[in-house]
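1. sequence and computational prediction follow.
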Amino acid sequence: MSVTLYVPADTTARALGADRVADALRQAAAERGLDLTLIRNGSRGLFWLEPLVEVATPKGRVAYGPVTPEAVPALVEAGLFDGGQDHDLALGLTEDIPYLKNQQRLTFSRIGVTDPLSLDDYTGLRGFEGLKKALSLDGQGIIDEVKASGLRGRGGAAFPTAIKWQTVHDEPPGQKYIVCNADEGDSGTFADRLVMECDPYMLIEGMTIAGLAVGAPQGYIYLRSEYPLAQKIFNEALRRAYAAGYLGEDILGSGRHFDLEVRLGAGAYICGEETSLLDSLEGKRGMVRAKPPLPAIQGLFGRPTVVNNVLSLAAVPFILDQGGQAYADYGLGRSRGTLAIQLAGNVKRGGLVELAFGTTLRALMEDFGGGTRSGRPLKAVQVGGPLGAYLPESQWDSPIDYEAFAAFGGVVGHGGVVMFDDSVDMGEQARFAMEFCTVESCGKCTPCRIGSVRGVEVIDRIRAGENRDANLELLSELCDTMVDGSLCAMGGMTPFPVQSVLKHFPDDLTRSRGGAPC
Amino acid sequence: MYKHNNQSGQALSTALSPAQQAIQDEVDALKHTPGAMLPILHAIQDRFGYIPDEAVPIIAETLRHTRAEVHGIISFYHHFRTRPAGRHVVQICRAEACQAVGGRQLEQHAKNALGVDYHGTTLDRQFTLEAVYCLGNCACGPSIRVGDEIHGRVDPARFDALMDDLSATVVEVK
Ligand SMILES: Cc1cc2nc3c(=O)[nH]c(=O)nc-3n(C[C@H](O)[C@H](O)[C@H](O)COP(=O)(O)O)c2cc1C
Ligand code: SF4
Ligand code: FES
Ligand code: FES
């Protein structure tokens, strides 16, 4: 009898023991003399179910999870190799799991379905169709399609992607670059990592299309050093894409040229900021540059450069293949298409949720997330990374959309949603926001470099009950100074989480600790 | 150090110790890459586990930087270390999503269990403790990284078990 199993091999599945589960399954199959094909697929992004084992059956793939090595014998006994469902960990058809079924996966349509490194799997699910379309168009034609999609940058600033490309396109011909920002520094985010580990050819395709659009023959991916597995998988994908003629001097026989290389960062959050990233790529300290000049005009090595987040570039193959309008059909207001939301922190069902813009945070955290992992009430949620505000319950009902969030001082950013239960001390979270800035500031401007150090001190004094009112006023002035006087969003937005605590959770900040008198 | 011709590298080779030669080889292999500095620093740290002091003048001369500039670049990036680490580098995620599920307690526990603070190495040189800000495993924290392996849902008991396993492997290897 022959059996086909899938055991994910992304970072999270492996961090939860997927390799040992794969070994246990191999052993069980060998003991039964089965002809086993075990595919290490990507993760579906349903992380609370990882390791999620799937078995191919005539009706489709059926799932089991979360599987431990210890559970394998009983699962096998219950008929796992035939797709038997008589076990607590049996989940039925994978595609019918509500968490997955209720998503709108455009960018993430292949993750977890395919073997990430298999070119056949990729092309079997419309991989490289967008590239072929792009090869039939001129640069302007490609940009027009992206313009029609309404795609805005997914790295944080939500700048229209087509306008950036147009600027680089309109610069005189010569050396130009495509730089992919894979620094993914925000806590609570992992979507870039999933793309690189689970569907790497999609990013290769998106960057190649960007190169064709603006006339750039060279691309770099700036990948954070915290992602060793993404580096390994992606470099292997690059090797195979070159060998198959999707990259290099003559892409698919078109005579067009695009080269791609991964460069590793070195543990600096600020290098996610695009100009700091460019300095780092050039081999310098990652200092933020004043803008203008825009990177689109003077970027890497002084040349016109597109800098885009992984998810912005990963959306492009779909847009070229299905047409910009097909992407724009999703979404709300000026936020078109889908957003990759990442449910993280104290969440029962954490993972990747790709949905059209417009759902509410509450629906996400409750319907998808299932509330907190601890089972305690939700208290606060930080959206958009370490520079995003902490949102209290009164703000959970507004639709997720760039403008709607901006209206109340929220940030959608890269789509990270970090949930906290009622045991969190928001005073400690405010302190951490300032502390993080002291660690990660590039040091170029005083409000950020010194202000954050003062911020930690002042918060410590407030929490110790020293001159509370005066220090609260000082903190609030300090926040204003940082917002107004910083060159980049590191210093300029670090106050957001602090101000949100001052506004919505003031008791946590002023509650005395350690039995000090009130 | 005397002046030598950067292009050939030969002139200096007789004066180099084996370690210096190894560094020079890493530098030479990458020196023509655009923006060679970070790739070179990574290559050296991957090979030696840290960036030895001797690397600084070699990198400076080959890439035509001052030594102070090279020092400045190395110290800017948290990833690069200039002292040897213990056998295992253990990174604890300090970022928010892990904080939400007990990251701070894990952090404290790790410091107590290993008896060192961040950047510290245990006396037996088995473990070096480092902070890290997110490992991309934020739905299943608290997260730690040991070498290139990432572990999820690490509570204090799981941390102790992992450290025990690592120490045990070391004994077997000897
Ligand atoms: C402190 C700071 C950190 C940032 N980190 C990232 C990051 O990790 N990844 C990212 O794509 N953009 C990050 N950005 C945003 C980039 O500067 C830039 O806007 C983005 O890469 C542009 O790509 P997009 O238009 O596709 O979003 C960061 C910005 C700041 C100020
Ligand atoms: S705000 Fe901070 S990180 Fe940004 S340029 Fe100024 S010092 Fe650097
Ligand atoms: S890395 Fe810039 S101040 Fe520490
Ligand atoms: S916050 Fe700890 S892994 Fe992301």
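-> Noted; the coordinates are in hand. Numbering: from 1, shown residues only, chains lettered A, B, ... in the order given. Ligands and ions are numbered 1, 2, ... in the order given.
2. hey, let's count contacts and neighbours off CA atoms from now on
-> Fine.
3. give me the residue from the stretch 251-400 of chain A nearest ligand 4.
-> Closest to ligand 4 within the stretch 251-400 of chain A is residue A:345: 7.4 Å, counting by C-alpha to the nearest ligand atom.
4. check contacts around that residue.
-> By C-alpha atoms under 8 Å, 6 or more residues apart in numbering or on different chains, residue A:345 lies in contact with A:188, A:417-420, B:96-101, B:138-141.
5. give me that answer again for 7 Å
-> A:188, A:418, A:419, A:420, B:97, B:98, B:100, B:101, B:138, B:139 (C-alpha atoms under 7 Å, 6 or more residues apart in numbering or on different chains).
6. which of these come close to ligand 4?
-> By C-alpha under 6 Å from any ligand atom, the members of these lying near ligand 4 are A:188, B:97, B:98, B:138.
7. farthest pair within the residues you listed?
-> Greatest spacing in these, by C-alpha to C-alpha: A:188 and B:98 (8.5 Å).
8. which of the contacts of residue A:345 lies closest to residue A:168?
-> Distance to residue A:168 across the contacts of residue A:345 (C-alpha to C-alpha) is lowest for residue A:188, with 31.8 Å.
9. give me the phi and psi for the closest one.
-> When read as degrees, to the nearest 10, the backbone of residue A:188 gives phi 90, psi 10.
10. what's the burial count for it?
-> The local packing of residue A:188 (other C-alpha atoms under 10 Å in any protein chain shown) involves 34 other residues.
11. so how far is residue A:296 from it?
-> 29 Å (C-alpha to C-alpha, to the nearest Å).
12. quick one: residue A:498 and residue A:430 touch, right?
-> Yes - counting by C-alpha atoms under 7 Å, residue A:430 is a contact partner of residue A:498 at 4.7 Å.
13. neighbour-wise, which of the two wins?
-> Shown here are residue A:498 and residue A:430; by other C-alpha under 10 Å, residue A:498 has more neighbours (29 against 26).
14. wait, is that one part of a helix?
-> Yes - read with DSSP: H, G, I helix; E, B strand; the rest coil, residue A:498 is one of the residues of a helix.
15. quick one, what contacts it?
-> Applying C-alpha under 7 Å, 6+ apart, one finds that residue A:498 lies in contact with A:430, A:433.
16. which non-adjacent residue is nearest residue A:30?
-> Spatial nearest neighbour of residue A:30, excluding adjacent residues (C-alpha to C-alpha, 6 or more residues apart in numbering or on different chains): residue A:36 at 8.0 Å.
17. then the one you found would be within a strand, right?
-> Yes - Residue A:36 forms part of a strand when assessed by three-state DSSP.
18. what is the distance between the stretch of helix or strand residue B:25 belongs to and the centre of its chain?
-> Using DSSP states H and E, residue B:25 falls within helix B:18-30. From the chain centre to the centre of helix B:18-30 is a distance of 18 Å (C-alpha atoms, centre = their mean, to the nearest Å).
19. quick one: buried residues of the very next helix or strand once past that helix?
-> The helix or strand immediately downstream of helix B:18-30 is helix B:37-48, counting by DSSP H and E. For helix B:37-48, burial by neighbour count (16 or more other C-alpha atoms under 10 Å in any protein chain shown) applies to B:37, B:38, B:39, B:40, B:41, B:42, B:43, B:44, B:45.
20. how many neighbouring residues does the closest residue to ligand 3 within the stretch 151-300 of chain A have?
-> With C-alpha to the nearest ligand atom, the shortest gap between the stretch 151-300 of chain A and ligand 3 falls at residue A:268, namely 6.3 Å. Residue A:268 is flanked by 26 other residues according to other C-alpha under 10 Å.
21. same question for residue A:85.
-> 18.
22. that one and ligand 2, how far apart?
-> 53 Å (C-alpha to the nearest ligand atom, to the nearest Å).
23. list the residues that contact that residue.
-> Neighbours of residue A:85 in contact, by C-alpha under 7 Å, 6+ apart: residue A:92.
24. what is the neighbour count of the residue in the stretch 1-150 of chain A that ligand 2 sits nearest to?
-> Across the stretch 1-150 of chain A, the shortest distance to ligand 2 (C-alpha to the nearest ligand atom) belongs to residue A:150, at 28.7 Å. If you count neighbours by other C-alpha under 10 Å, residue A:150 ends up with 21.
25. so it touches residue A:326, yeah?
-> No - if you go by C-alpha under 7 Å, residue A:150 and residue A:326 don't touch, sitting 10.5 Å apart.
26. model confidence for residue B:15, exactly?
-> On pLDDT, residue B:15 comes in at 79.
27. over to residue B:98?
-> 98.
28. does anything pack onto the strand or helix carrying it? Which helices or strands?
-> In the assignment (DSSP H and E), residue B:98 maps to helix B:96-99. Helices and strands touching helix B:96-99, by 3 or more C-alpha pairs under 7 Å, 6 or more residues apart in numbering or on different chains; DSSP states H and E, are strand A:338-345.
29. how about the ones next to ligand 4 among the contacts of residue A:345 in a markdown table, adding distance to ligand 3?
-> Converted to a markdown table, those look like this (distance: C-alpha to the nearest ligand atom, whole Å):
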| residue | distance to ligand 3 |
| --- | --- |
| A:188 | 21 |
| B:97 | 22 |
| B:98 | 22 |
| B:138 | 23 |
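30. so which of those is the closest to ligand 2?
-> Nearest to ligand 2 among those: residue A:188, at 20.4 Å, using C-alpha to the nearest ligand atom.
31. my read is that the closest one contacts residue B:141, right?
-> No - using C-alpha under 7 Å, residue A:188 makes no contact with residue B:141, being 10.0 Å away.
32. one step back: nearest to ligand 1, of the contacts of residue A:345?
-> residue A:188 (11.6 Å).
33. against chain B, how distant is the closest one?
-> Shown here: residue A:188 relative to chain B, a distance of 5 Å by C-alpha to the nearest C-alpha, to the nearest Å.
34. what does residue A:5 show for phi and psi?
-> According to degrees, to the nearest 10, residue A:5 has phi -120, psi 150.
35. neighbours of the closest residue to residue A:316 other than its chain neighbours, just the number please.
-> Excluding its sequence neighbours, the residue lying closest to residue A:316 (C-alpha to C-alpha, 6+ apart) is residue A:206, at 5.3 Å. Residue A:206 sits with 26 neighbouring residues when counted by other C-alpha under 10 Å.
36. and chain B, which residues reach chain A?
-> Proximity of chain B to chain A, by C-alpha under 7 Å from any C-alpha of the partner chain, involves residues B:35-38, B:73, B:76-79, B:95-98, B:100-101, B:134-139, B:148, B:150-152.
37. give the buried subset of the residues you listed as a PyMOL selection command.
-> A single PyMOL command selects the buried members of these (16+ other C-alpha under 10 Å):
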select buried, chain B and resi 35+36+37+38+73+76+77+78+79+95+96+97+98+100+101+134+135+136+137+138+139+150+151+152
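38. isn't there a helix covering residue A:474?
-> Yes - according to three-state DSSP, residue A:474 belongs to a helix.
39. burial of it, as a residue count?
-> When neighbours are defined as other C-alpha under 10 Å, residue A:474 has 16 of them.
40. same check, this time on residue A:214
-> Neighbour count for residue A:214, taken as other C-alpha under 10 Å: 28.
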